[in-house]
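Enquirer: the sequence and its predicted three-dimensional model are supplied below.
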Amino acid sequence: MPLGIVHAASEVVPFAKTGGLADVVGSVPRALSRRGHDCTVILPLYQCAKTGKVPVTPTELTFTVQIGDKTLPGRIWRSALPDRDRDQDDAGPVPVYLIEQADYFERDDSGGSRGLYQYREPNGQMKDYPDNCERFIFFSRAVLEALPLLDLRPDILHLHDWQMGLVPVYLREVYRQGPSASERDGYDRLRTVFTVHNIAYQGLFWHWDMKLTGLDWQLFNYRQLEFYGQLGFLKAGIVFSDWLTTVSPRYAQEIQTPYFGMGLQGVLAERRDRLTGIVNGVDYHVWNPATDRNLTAQYDLDSVTGGKPLCKGALQRRYGLPEDTTVPLLGMVARLEDQKGLDLLAKSADQLCQSGGSDGEPPPQLVVLGEGSAVYHRMLMELRARYPNQVGITLAFDEPLAHQIEAGADIYLMPSQFEPSGLNQLYSLKYGTIPVVRATGGLADTIVDCTPETLENGTATGFSFLPYDRDAFLGAVRRALEMYRREPQQWLHLIRTAMREDWSWDRSAAEYERVYEKVVEERG
């Protein structure tokens, strides 16, 4: 049954991106559209979206939103997700609508001092904008205001992460309360699906910010909007939505425990019968070494032995490292934060850079791309200074370079403390770059540890470890290095097994479709 589905999120590729959330919301609607559903996307009109490569145009559609004692105007702009599937997609491009409110959303810059949610202080630390609460109150209301203006009467409103957490609250408490049937038209039958992409980011604000919402103070209680004395956007989405999803089956289980639940484990456990884990997918029109224009050489399963060494040499030249395709090259692309295992890398880096082979082979090279904590910026630059012929560092976000690292590295490091789903390990599989991961969340769901048994049955795709400590991490990396150095044919077999894996969005979209159908059936 074809469904009308609106995805609302704070960032969407290719309009605005800080992380994997944008990739997800830029891909799922396309995959659902290919399956016959009528999809639409709504996000804020940031400066980067206004000046980006994909054209956006204003409409004449305007509205107002009350934020505390202020009445603020909004305007709707129009665009579409670029159609990457013209040869196989008869559904046409997915429409995108962007919410204009210049004071709230057009503050990001290309220099990196002001982002979508944070700004950089003079000491280099990133800090949240103090008005993030009202910014996303405005956007939450704007999404619901936009539906009738755009003549949209969807079956499903799919909401993503804490920024969207108040939408189901407003839907129930405000937009279904119109005095006439015409005012409620479209809202009564609308059902909400809320995806928790990363429970560590909860959207917690001062309790007096409740006044900005315009909602009844009776909702500020421990079972609904209050979270340890603060206003909790993510908690609101979990409590008020019709169905919950998160981005891997393992993570769905983990966040119901105290270690991973970040204080929300009890709330999630109460709703476990309405919580589904669905692994994120990969857009293989973007992440495919056979067609990737960012690469020095394109390659596929059959040509990997010729193309991948050329990509590796180009990456070594870019960083001024000795150009030797026999030296193992470790790669990492990540936010430079504790969650991504940067503390493990800090504790292990010297051992890694000194770990030559038992037969006198040179130690590995290491390339890291990312930005984040000033502590890790400093650690990485000091590492580069100690090992200038082995280490390359880029402290920025660089999409083409991320592709080049995926193609040029031999081994990809992902030692996350927790990882709801993860995308880079999936990119690595496609690029024949063997991942070393901690067995948590989506990493555990997608990477099969290399053991004699999994090698024999042809299921091994990487190396994993479980204890979050330096020795376990180093042990997994050393297992990978040993196979790379000692068993080249086995290594090539591992590469080809990894490259055959299918983690396309089509398989994820089928699971979302089942969730939507279940929710719509309950509606009657």
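Expert: Structure received.
Enquirer: please make it C-alpha for all contacts and neighbour counts, starting now.
Expert: OK.
Enquirer: what is the host helix or strand of R78 packed up against?
Expert: If you go by DSSP states H and E, R78 is part of strand 70-80. If contacts are counted by 3 or more Cα pairs under 8 Å, 6 or more residues apart in numbering; DSSP states H and E, strand 70-80 sits against strand 57-67, strand 95-100.
Enquirer: of these, which stretch is the most buried?
Expert: Of all the helices and strands packed on strand 70-80, strand 95-100 carries the top mean neighbour count, a mean of 23, counting by mean count of other Cα atoms under 10 Å.
Enquirer: which residues are contacting that strand?
Expert: With contact meaning Cα atoms under 8 Å, 6 or more residues apart in numbering, strand 95-100 is reached by 39-46, 74-81, 139, 142.
Enquirer: give me the sheet partners of it and which way each runs.
Expert: Strand 95-100 has its sheet partners listed here by DSSP bridges as strand 38-44 (parallel), strand 70-80 (antiparallel).
Enquirer: would you mind putting those strands into TSV with distance to Y259 alongside?
Expert: What follows is the strands paired with strand 95-100, written out as TSV (distance: least, Cα to Cα, whole Å):
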stretch	distance to Y259
strand 38-44	32
strand 70-80	40
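Enquirer: next, the contact list for the nearest residue to F260 once chain neighbours are set aside, please.
Expert: Nearest non-adjacent residue to F260, counting by Cα to Cα, 6 or more residues apart in numbering: E254, 5.7 Å away. Contact analysis of E254 by Cα under 8 Å, 6+ apart lists 260-261, 441.
Enquirer: can you pull the pLDDT of E254?
Expert: For E254, the model assigns a pLDDT of 96.
Enquirer: same check on G92?
Expert: G92 carries a pLDDT value of 79.
Enquirer: got it, and P179?
Expert: For P179, the pLDDT comes out at 64.
Enquirer: same check on G356?
Expert: pLDDT at G356 comes out at 85.
Enquirer: does the nearest residue to it once chain neighbours are set aside sit in a helix, a strand or a coil?
Expert: Spatial nearest neighbour of G356, excluding adjacent residues (Cα to Cα, 6+ apart): P363 at 3.8 Å. When classified by DSSP: H, G, I helix; E, B strand; the rest coil, P363 comes out as coil.
Enquirer: hmm, P363 is touching Q354, no?
Expert: Yes: using Cα atoms under 8 Å, P363 is in contact with Q354, at 5.7 Å.
Enquirer: nearest to Y170 among the contacts of E254?
Expert: Closest approach between those and Y170, by Cα to Cα: G261, at 25.3 Å.
Enquirer: for stretch 392-408, which outside residues touch it?
Expert: Looking at stretch 392-408 with Cα under 8 Å, 6+ apart, the contacting residues turn out to be 287, 289, 292, 294-295, 308-315, 319-321, 329, 331-333, 366-371, 377, 380-381, 384, 412, 427-428, 431-433.
Enquirer: mark which of those are part of helices, please.
Expert: 308-315, 377, 380-381, 384, 427-428 (DSSP state H).
Enquirer: neighbour count added to those residues, as CSV?
Expert: Listed next are these as CSV, based on neighbours: other Cα atoms under 10 Å:
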residue, neighbour count
K308, 27
P309, 19
L310, 20
C311, 23
K312, 27
G313, 18
A314, 20
L315, 24
H377, 19
L380, 23
M381, 17
R384, 17
Y427, 26
S428, 28
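Enquirer: turn these into JSON lines, including distance to Y119.
Expert: As requested, the ones in helices among the contacts of stretch 392-408 are exported to JSON lines (distance: Cα to Cα, whole Å):
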{"residue": "K308", "distance to Y119": "38"}
{"residue": "P309", "distance to Y119": "39"}
{"residue": "L310", "distance to Y119": "38"}
{"residue": "C311", "distance to Y119": "35"}
{"residue": "K312", "distance to Y119": "35"}
{"residue": "G313", "distance to Y119": "36"}
{"residue": "A314", "distance to Y119": "34"}
{"residue": "L315", "distance to Y119": "31"}
{"residue": "H377", "distance to Y119": "17"}
{"residue": "L380", "distance to Y119": "22"}
{"residue": "M381", "distance to Y119": "22"}
{"residue": "R384", "distance to Y119": "27"}
{"residue": "Y427", "distance to Y119": "29"}
{"residue": "S428", "distance to Y119": "31"}
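Enquirer: what is the nearest of those to H197?
Expert: Looking across the ones in helices among the contacts of stretch 392-408 and measuring by Cα to Cα, the closest to H197 is Y427, at 18.1 Å.
Enquirer: how much space separates the residue lying closest to the closest one once chain neighbours are set aside from D300?
Expert: Using Cα to Cα, 6+ apart and skipping the chain neighbours, the partner closest in space to Y427 is W287 (6.4 Å). Distance from W287 to D300, counting by Cα to Cα, to the nearest Å: 12 Å.
Enquirer: neighbour count winner among the two?
Expert: With neighbours defined as other Cα atoms under 10 Å, W287 and D300 compare such that D300 has more, 20 against 17.
Enquirer: that one touches A290, doesn't it?
Expert: Yes: in terms of Cα under 8 Å, D300 counts as a neighbour of A290; the distance is 5.1 Å.
Enquirer: okay, the angle between the helix or strand containing V28 and strand 38-44?
Expert: Per DSSP H and E, V28 falls inside helix 20-34. Per axes from the mean of the first three to the mean of the last three Cα atoms, to 10 degrees, the angle that helix 20-34 makes with strand 38-44 is 160 degrees.
Enquirer: now helix 20-34: how far from the chain's centre is it?
Expert: From the chain centre to the centre of helix 20-34 is a distance of 11 Å (Cα atoms, centre = their mean, to the nearest Å).
Enquirer: tell me what it is packed against?
Expert: strand 38-44, helix 505-523.
Enquirer: pick the most buried one from these.
Expert: strand 38-44 (a mean of 25).
Enquirer: ranked by average pLDDT, which of the helices and strands packed on helix 20-34 falls at the bottom?
Expert: helix 505-523 (a mean of 95).
Enquirer: in this structure V65 contacts L72, no?
Expert: Yes: counting by Cα under 8 Å, V65 touches L72, with 5.3 Å between them.
Enquirer: tell me the first helix or strand C-terminal of the helix or strand bottoming out on mean pLDDT in the chain.
Expert: When each helix and strand of the chain is scored by mean pLDDT, DSSP states H and E, helix 181-184 comes last, with a mean of 62. Where DSSP H and E defines the elements, the next helix or strand beyond helix 181-184 is strand 191-196.
Enquirer: quick one: strands adjacent to the helix or strand following that following strand?
Expert: Once the chain leaves strand 191-196, the next helix or strand it forms, by DSSP H and E, is strand 204-205. Strand 204-205 sits in its sheet next to strand 230-232 (antiparallel), going by DSSP bridges.
Enquirer: how close does the residue nearest to G356 get to M381?
Expert: 19 Å.
Enquirer: quick one on the thing from earlier: tabulate the helices and strands packed on helix 20-34 (TSV), appending distance to I156.
Expert: What follows is the helices and strands packed on helix 20-34, written out as TSV (distance: least, Cα to Cα, whole Å):
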stretch	distance to I156
strand 38-44	10
helix 505-523	7
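Enquirer: and of these, who's closest to D155?
Expert: helix 505-523 (7.1 Å).
Enquirer: list the contacts of the closest one.
Expert: 27-28, 31-32, 155-156, 189, 191, 193, 242-243, 278-283.
Enquirer: quick one: it to strand 191-196, angle?
Expert: Using the same axes, to 10 degrees, helix 505-523 lies at 140 degrees relative to strand 191-196.
Enquirer: and T18, backbone torsions?
Expert: phi -120, psi -20 (degrees, to the nearest 10).
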